[in-house]
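Undergrad: What follows is a predicted structure for the sequence shown.
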Amino acid sequence: MPELPEVETVRRGLESVFTGSTIERVEQKRADLRFPFPEDFASRLAGRRVLALRRQAKYLIGELDDAQALVMHLGMSGSFRIDDAPLGRFHHTCLVNRAHDHVVLHFASGARVIYNDPRRFGFMLLAPRADLPLHPLFARLGVEPLGPDMSAEVLAAALAGRKAPLKTALLDQKTIAGLGNIYVCEALHRAGLSPLRAAGDLVTARGKPKRALVDLTQAIQEVLREAIEAGGSSLRDHRQTDGSLGYFQHSFRVYDREDAPCPTPGCRGQISRVGQAGRSTFFCRHCQK
């Protein structure tokens with residue numbers, strides 16, 4: 001599933017087409033994706049101007065001029081593309097099965113944005129913008145890791161007293177919004193912390209962040225920013241809106257590198273893989289404590 005950097009990369013690719021533009025008409029080619037489309041979905045979007053396109057956690061949110069919000073989620077294999085977009089720096093031939101083009105947004109500018117989703121785990125919905133903070137998708141989300149509220153103190157409050165393994169706690173969207181398996185593994189390695197360690201161990205008895213949690217907070221933000229700059233990680237389905245691939249996967253230190261030497265200078269360990277909550281965790285038992 002695309003994680004925060006991939007979704008932010010898509011948002012940036014779509015922003016110039018969406019923001020300030022009017023949706024002239026919508027081609028809706030099926031009745032549902034993961035969920036049914038909202039009633040009168042196409043007609044409700046027709047004629048609406050997009051005031052802004054933002055991201056929250058792994059969701060894209062188009063703010064419309066009628067006080068509604070178009071909420072979009074990529075699911076496992078969803079992607080957007082813009083017709084005739086210039087090729088990116090790291091372009092690979094984009095082999096798209098157009099049979100999976102489920103929604104086409106036609107803008108008054110002449111641009112077309114196509115949503116393609118072979119597995120149909122993504123979805124689109126419409127909701128009043130003012131109600132989004134209380135919407136079931138957003139009401140319980142944790143802090144945005146790249147937002148102004150992110151800090152070691154905020155994470156300390158979320159992790160205090162928790163006996164769950166650190167990686168499991170970080171994947172909980174009520175702790176941090178948008179973090180996923182890849183970037184948690186990478187951040188924990190940078191911070192030198194074991195994914196198996198109890199999450200509450202990073203918090204003092206008075207609820208203050210220990211030095212390790214300060215380092216982890218910084219590592220999370222560094223990894224995410226670097227991944228966004230790299231266009232995300234292209235492992236299976238993720239592509240940018242111009243068809244080009246992200247390339248942060250070439251910078252992975254631990255993810256999907258089982259049995260490889262640990263890249264930490266001076267470390268003689270190797271990367272291990274264990275299962276946690278149904279997902280593969282990659283880490284170095286030697287230098288991650």
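TA: Arrived safely, thanks for sending.

Undergrad: what mean pLDDT does stretch 96-112 have?
TA: For stretch 96-112, mean pLDDT rounds to 93.

Undergrad: Now do it: distance to the chain's middle.
TA: Chain-centre distance of stretch 96-112: 22 Å, with C-alpha atoms, centre = their mean, to the nearest Å.

Undergrad: what's the closest non-adjacent residue to residue 163?
TA: Counting by C-beta to C-beta, 6 or more residues apart in numbering, residue 198 is the residue found nearest to residue 163 once chain neighbours are left out, at 5.2 Å. (C-beta placed from N, C-alpha, C; glycine too.)

Undergrad: and residue 282, what are its phi and psi?
TA: phi -120, psi 130 (degrees, to the nearest 10).

Undergrad: Dig out what it forms beta bridges with.
TA: residue 273 (DSSP bridges).

Undergrad: Next, count neighbours for the residue nearest to residue 163.
TA: Residues near residue 198, counting by other C-beta atoms under 10 Å, number 15.

Undergrad: Likewise for the one 4 residues further on?
TA: Using other C-beta under 10 Å as the criterion, residue 202 is surrounded by 26 other residues.

Undergrad: next one: the one 10 residues further on
TA: Neighbour count for residue 212, taken as other C-beta under 10 Å: 18.

Undergrad: What residues sit buried inside whichever strand or helix holds it?
TA: Per DSSP states H and E, residue 212 falls inside helix 211-229. Residues 212-217, 219-220, 223-224, 227-228 are the ones in helix 211-229 that count as buried (16 or more other C-beta atoms under 10 Å).

Undergrad: Tell me the one among those nearest to residue 82.
TA: Closest approach between the buried residues of helix 211-229 and residue 82, by C-beta to C-beta: residue 228, at 18.9 Å.

Undergrad: In contact with the residue nearest to residue 48 when sequence neighbours are not counted, which residues are there?
TA: Nearest residue to residue 48 in three dimensions, chain neighbours excluded: residue 64, at 4.6 Å (C-beta to C-beta, 6+ apart). Counting by C-beta atoms under 8 Å, 6 or more residues apart in numbering, residue 64 makes contact with 45, 48-51, 70, 129.

Undergrad: Hmm, residue 165 and the residue nearest to residue 163 touching each other?
TA: Yes - using C-beta atoms under 8 Å, residue 198 is in contact with residue 165, at 6.9 Å.

Undergrad: all strands for the stretch 1-150 of the chain, in order.
TA: For the stretch 1-150 of the chain, applying DSSP state E, counting those that start in this stretch gives strands covering 23-28, 50-56, 59-64, 68-73, 79-82, 101-107, 112-116, 123-128.

Undergrad: now the stretch 151-289 of the chain
TA: 271-276, 279-284.

Undergrad: For residue 22, which of those is the nearest?
TA: Nearest to residue 22 among the strands of the stretch 151-289 of the chain is strand 279-284 (41.6 Å), distances taken as C-beta to C-beta.

Undergrad: Now do the closest one: which elements does it pack against?
TA: The contact analysis (3 or more C-beta pairs under 8 Å, 6 or more residues apart in numbering; DSSP states H and E) places strand 279-284 against helix 181-191, strand 271-276.

Undergrad: Could I have the CA atoms of it written out in PDB?
TA: Extracted as PDB, the C-alpha positions of strand 279-284 are listed here (Å, rounded to 0.1, in the frame of the first residue of the first chain):
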ATOM      1  CA  ARG A 279       4.000  -7.800   8.200                       C
ATOM      2  CA  SER A 280       7.700  -8.300   7.600                       C
ATOM      3  CA  THR A 281      10.000  -6.300   9.800                       C
ATOM      4  CA  PHE A 282      13.600  -5.800   8.700                       C
ATOM      5  CA  PHE A 283      16.300  -4.700  11.200                       C
ATOM      6  CA  CYS A 284      19.800  -5.400  12.600                       C
END
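
Undergrad: tell me the angle it makes with strand 271-276.
TA: Orientation check (axes from the mean of the first three to the mean of the last three C-alpha atoms, to 10 degrees): strand 279-284 against strand 271-276 gives 150 degrees.

Undergrad: Centre of the chain to strand 279-284, how far?
TA: Its chain's average C-alpha position is 19 Å from that of strand 279-284, according to C-alpha atoms, centre = their mean.
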